[in-house]
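S.K.: below is the sequence, then the predicted model.
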Amino acid sequence: MAETLKMTTPLIAAEAISKSYIKGSHDVPVLRGAGLRANRGEFISVVGQSGSGKSTLLHVMGLLDAPDIGEVLLQGQRIDNLNQKARDQLRNHVFGFIFQFYHLLPELSLLENVMTPLMIRYSLMGYWKRRREIRESALSMLKQVGLEHRIRHRPSELSGGEMQRGAIARALVGRPEILLADEPTGNLDSGTGGEIMDLLKSLNEENQLTIIMVTHDESIAAQAHRIVRLTQGRIQTIAHEEAA
Ligand code: ADP
Ligand code: MG
């Protein structure tokens, strides 16, 4: 079983990613040949010290940022070098993102926030034609995260855990295959963080959602199938649940 798993093409792969930032007159390397492969349905935690490049790696994998060297592959096809329009489309269709500070739009209701990825997908005319269907999709996603009683609230009227559940609904409303989560429990108390982890685990198990989650909390990281550590710009595998 383990052998066949290894031979399948990963759903998403970062191969030998290097990336530096320019600070003043210095080139500061952040990633130095980092590689990470995720099979469909895997839930992977990425741990590492603050500043080790975890967010940078996640942004590169989700096409929010470009590598200097290396490739990002979706089912074996290179995607980091596609043109802007194709990358925008992949970001909208294939990836969902959640962040430590939720990044909900403060002037929109929760329902409107969750509708935005589909409004972007279909543009104005398409949205107008499908607005009922889009609203239904957003409502059903909000129901799935237990927020149907909060749809008219603004983000400022919600708790941290509710905002993160809203952000998860927004990330998943377009049915992406891959959820990229950057410190999703980093701003929450441990009880609320645990609820968010339970939600992510059930989405992973029930929908085969592939999740790559960055965290510096070891007890949160341990709830994934596999933990990798980013250190000195490279990925080290530190634990793997044995295949049954
Ligand atoms: P982590 O998420 O592990 O804390 P980051 O990926 O955010 O680490 O950052 C890694 C390093 O790259 C840090 O030293 C950070 O200051 C630097 N960095 C990140 N983004 C930028 C940027 N846009 N410009 C310059 N330096 C950056
Ligand atoms: Mg970070």
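M.R.: Right, received. Where do you want to start? Ligands and ions are numbered 1, 2, ... in the order given.
S.K.: which phi and psi values does residue 179 adopt?
M.R.: phi -110, psi 120 (degrees, to the nearest 10).
S.K.: and it, what are its bridge partners?
M.R.: Taking DSSP bridges as the rule, residue 179 bridges to residue 96, residue 211.
S.K.: need the nearest residue in space to the residue most central in space within the chain, chain neighbours excluded.
M.R.: In the chain, the centroid-proximal residue (C-alpha atoms, centre = their mean) is residue 180; its distance is 1.2 Å. Distances taken as C-beta to C-beta, 6 or more residues apart in numbering place residue 62 nearest to residue 180, at 4.7 Å, with adjacent residues excluded. The C-beta positions use only the backbone N, C-alpha and C, and glycine is treated the same way.
S.K.: spell out the residue ranges of the strands in the protein.
M.R.: For the chain, the strands defined by DSSP state E occupy 12-23, 26-38, 43-47, 69-74, 77-78, 95-99, 178-182, 210-214, 226-231, 234-240.
S.K.: out of those, nearest to ligand 1?
M.R.: In this view, the strands of the chain are compared for proximity to ligand 1 by C-beta to the nearest ligand atom, and strand 12-23 is the closest at 3.4 Å.
S.K.: what strands flank that closest one, and is each parallel or antiparallel?
M.R.: Here strand 12-23 has these sheet partners by DSSP bridges: strand 26-38 (antiparallel), strand 69-74 (antiparallel).
S.K.: ok, residue 17 touching residue 70?
M.R.: Yes: the criterion here is C-beta atoms under 8 Å, and residue 17 meets it with residue 70 at 3.7 Å.
S.K.: what's the pLDDT at residue 243?
M.R.: In the prediction, the pLDDT value recorded for residue 243 is 35.
S.K.: just residue 189 next, same as before
M.R.: According to the per-residue confidence, residue 189 scores 95 in pLDDT.
S.K.: residues contacting the residue lying closest to it once chain neighbours are set aside?
M.R.: For residue 189, the nearest residue in space outside its immediate sequence neighbours is residue 160; the separation is 8.0 Å by C-beta to C-beta, 6+ apart. Residues counted as contacts of residue 160 (C-beta atoms under 8 Å, 6 or more residues apart in numbering) are 102, 187, 188, 189, 192.
S.K.: distance of residue 160 relative to residue 184?
M.R.: 11 Å (C-beta to C-beta, to the nearest Å).
S.K.: next: residue 20.
M.R.: Applying C-beta to C-beta, one obtains 27 Å for the distance of residue 20 from residue 184.
S.K.: of the two, give the one with the bigger neighbour count.
M.R.: Set side by side, residue 20 and residue 184 show more neighbours around residue 184, with 27 against 15, by other C-beta atoms under 10 Å.
S.K.: returning to that earlier point: more neighbours: which of residue 17 and residue 70?
M.R.: Relative neighbour count places residue 17 above the other of residue 17 and residue 70, with 27 against 18, counting by other C-beta under 10 Å.
S.K.: if that one is in a bridge, with which residues?
M.R.: Residue 17 has the following beta-bridge partners by DSSP bridges: residue 34.
S.K.: right, and residue 49 touches residue 229 too?
M.R.: No: when contacts are counted by C-beta under 8 Å, residue 49 is not listed as touching residue 229 (9.3 Å).
S.K.: need the residues touching each of residue 17 and residue 70.
M.R.: Where contact means C-beta under 8 Å, 6+ apart, the residues bridging residue 17 and residue 70 through contact with each are 31, 33, 34, 35, 60.
S.K.: dihedrals phi and psi, the residue nearest to residue 180?
M.R.: Backbone torsions for residue 62, taken as degrees, to the nearest 10, come to phi -90, psi 10.
S.K.: pLDDT wise, what is it at?
M.R.: On the pLDDT scale, residue 62 is placed at 98.
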